[in-house]
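Engineer: this is the structure alone, sequence omitted:
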């Protein structure tokens with residue numbers, strides 16, 4: 001089984017509060033969050049999995065990420081969001 005980007009994005013969205021996302025469509029929110037995810041990947045230090053083993057078109061990792069790995073990516077996404 002593979003981890004969909006949506007799982008990581010949902011974890012990220014649970015960590016932030018931004019009224020902007022209330023005004024966007026679901027599709028626009030997911031598109032914006034996907035950019036945060038792709039920006040966050042290089043900042044993941046010492047991963048135990050292949051960071052770039054994902055399918056961008058299907059929007060999923062080709063492997064199962066652990067809950068810890070999902071949380072780390074979500075926190076890195078939050079950092080990118082805060083820098084915006």
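Structural biologist: Here it is on my side, so go on. The shown structure was predicted, so the numbers you read here are calculated from the model rather than taken from an experiment.

Engineer: how about stretch 30-40: buried residues?
Structural biologist: 30, 33, 34, 36, 37, 39, 40 (16 or more other CB atoms under 10 Å). (Each C-beta comes from the backbone N, C-alpha and C, glycine too.)

Engineer: pick the one among the residues you listed closest to residue 54.
Structural biologist: The nearest member of the buried residues of stretch 30-40 to residue 54, counting by CB to CB, is residue 37 at 9.3 Å.

Engineer: next SSE after whichever strand or helix holds that closest one?
Structural biologist: Residue 37 is located in helix 26-40, with elements delineated by DSSP states H and E. Using DSSP H and E, the next helix or strand after helix 26-40 towards the C-terminus is strand 54-55.

Engineer: with adjacent residues omitted, what lies nearest to residue 65?
Structural biologist: Nearest non-adjacent residue to residue 65, counting by CB to CB, 6 or more residues apart in numbering: residue 3, 4.3 Å away.

Engineer: what residues are up against residue 52?
Structural biologist: Residue 52 makes contact with residue 41, according to CB atoms under 8 Å, 6 or more residues apart in numbering.

Engineer: and the lowest mean pLDDT element among the helices and strands of the chain?
Structural biologist: One helix or strand of the chain scores below all others by mean pLDDT, DSSP states H and E: helix 20-23, with a mean of 80.

Engineer: against residue 3, how distant is the most centrally placed residue in the chain?
Structural biologist: With distances taken as CA atoms, centre = their mean, the residue of the chain nearest its centroid is residue 37 (3.6 Å). Taking CB to CB, to the nearest Å as the measure, residue 37 falls 11 Å from residue 3.

Engineer: what do the two both touch?
Structural biologist: Here residue 37 and residue 3 have no joint contacts, going by CB under 8 Å, 6+ apart.

Engineer: give me the residues contacting the biggest helix by length in the chain.
Structural biologist: Taking DSSP state H as the criterion, the chain has its longest helix at helix 67-83. Contact partners of helix 67-83, identified using CB under 8 Å, 6+ apart, comprise 3, 7-9, 11-12, 14-16, 18, 33, 36-37, 39-41, 43-44, 47-49, 65.
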